[in-house]
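1. Fold the following.
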Amino acid sequence: MSFPDRVHLCEVGPRDGFQFEDTFIPTDRKLEAIDRLAAAGLRRIQVTSFVHPDWVPQMADAEAVCAGLPTRSDVLFTGLALNLKGVERASANGLEVVDLSIATHDTHSRANANMPLDEAIAQGEAMVKRAQALGMQAQMNLQTVFGYRDPGDTPIPHVVDMARRFARLGLESLALSDSTGMADPVMIRERVEAVQAVVGDTPLVLHLHDTRGSGIANMMTALQCGVTRFDTSMAGMGGCPFIHGAAGNIATEDTVHLLEQMGMATGIDWRAVAEASLTIERVLRKRFPGKLHRLLQRAAEQPVA
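-> Down below sits the predicted model:
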């Protein structure tokens, strides 16, 4: 087995994780978490999304979050946009990279974006071009690449065609999302290699929801395919408000611990991430599915002999 020397993680907890919570997290608590994640070594953090607050109330303070971000030249802060207005808001708030996201499955597009897939693709291209015109780079996230209602029900030729089409626009990166958590290692290899064959030098990112507990196994397969960039979420928190039953992304601290144990550098202190996760758990008064932050808590509670 061949693995890379270094793996790059994007922390999506402050967006993908927080958006799933019904209890509003105060802006200062969000900024505290972002600051602690940056201090832990995360060098790319998705901090918010520019969506209508009626759809995702947790993200109603997007402008305030951006205004309060720490001044760090070593950390890239990004935000999610789903339409042209969102792109313009990201630019107005000083972000250098905007994360875009569109469906790959027509039923998903009609249900959640209220438009057929062809129209969504055209809007996606317009979003990329608008971001570039505003001086930003764009990452395009293709949703439900590994299945929407059933595993693999998004045809590979369709995924490949969309990947090729967007890569030609000059993306900062292209993300393949297992939004529903239906992927398995065989599907990961098959679809990643098919996309790699058509996107040239465009970096690939894997966004792996852990709904069925296979997220880490899927990451290991992607690493063997040469992928070195992954989205992760503190304590594995999150989900998708528009996909019933979707769990959060693979947990940041669990991922870091495994990678570092196997000799792949991340530059991230998993213990510091775990402490930030435990703080958010206390704020929300709930437990998240990650493993390492819980072990850290149990170790701290052990009496000294």
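2. Pull the distance from the lowest-mean-pLDDT helix or strand in the chain to the chain's centre.
-> Within the chain, no helix or strand scores below helix 106-112, which has a mean of 85 by mean pLDDT, DSSP states H and E. Relative to its parent chain, helix 106-112 has a centroid offset of 20 Å by Cα atoms, centre = their mean, to the nearest Å.
3. Output it in PDB with nothing but the alpha carbons.
-> Taking Å, rounded to 0.1, in the frame of the first residue of the first chain, the C-alpha atoms of helix 106-112 are listed here in PDB:
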ATOM      1  CA  ASP A 106     -31.700  15.500 -11.100                       C
ATOM      2  CA  THR A 107     -34.200  14.500  -8.400                       C
ATOM      3  CA  HIS A 108     -32.000  15.900  -5.700                       C
ATOM      4  CA  SER A 109     -31.600  19.200  -7.700                       C
ATOM      5  CA  ARG A 110     -35.300  19.600  -8.200                       C
ATOM      6  CA  ALA A 111     -36.100  18.800  -4.600                       C
ATOM      7  CA  ASN A 112     -33.500  21.000  -2.900                       C
END
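4. Flag every buried residue along that helix.
-> Of the residues in helix 106-112, 106, 108-109, 112 count as buried by neighbour count, 16 or more other Cβ atoms under 10 Å. From N, CA and C alone the C-beta is placed, and that goes for glycine too.
5. And for stretch 117-126?
-> 117, 120-121, 123-125.
6. as a whole number, average confidence for that stretch?
-> Stretch 117-126 comes out with an average pLDDT of 96.
7. Distance from the chain centre to that stretch, please.
-> The answer for stretch 117-126 is 21 Å, by Cα atoms, centre = their mean.
8. just stretch 26-46 next, same as before
-> Mean-position distance between stretch 26-46 and its chain equals 15 Å (Cα atoms, centre = their mean).
9. cool, stretch 125-145 as well?
-> Centroid separation for stretch 125-145 versus its chain: 15 Å, with Cα atoms, centre = their mean.
10. Offset the numbering so it begins at 39, please.
-> Let's use 39 as the start, then, which means that last one is stretch 163-183.
11. And that stretch, end to end?
-> 18 Å (Cα to Cα, to the nearest Å).
12. What residues of that stretch count as buried?
-> Neighbour-count burial for stretch 163-183, counted by 16+ other Cβ under 10 Å, picks out 163, 165-166, 168-170, 174-183.
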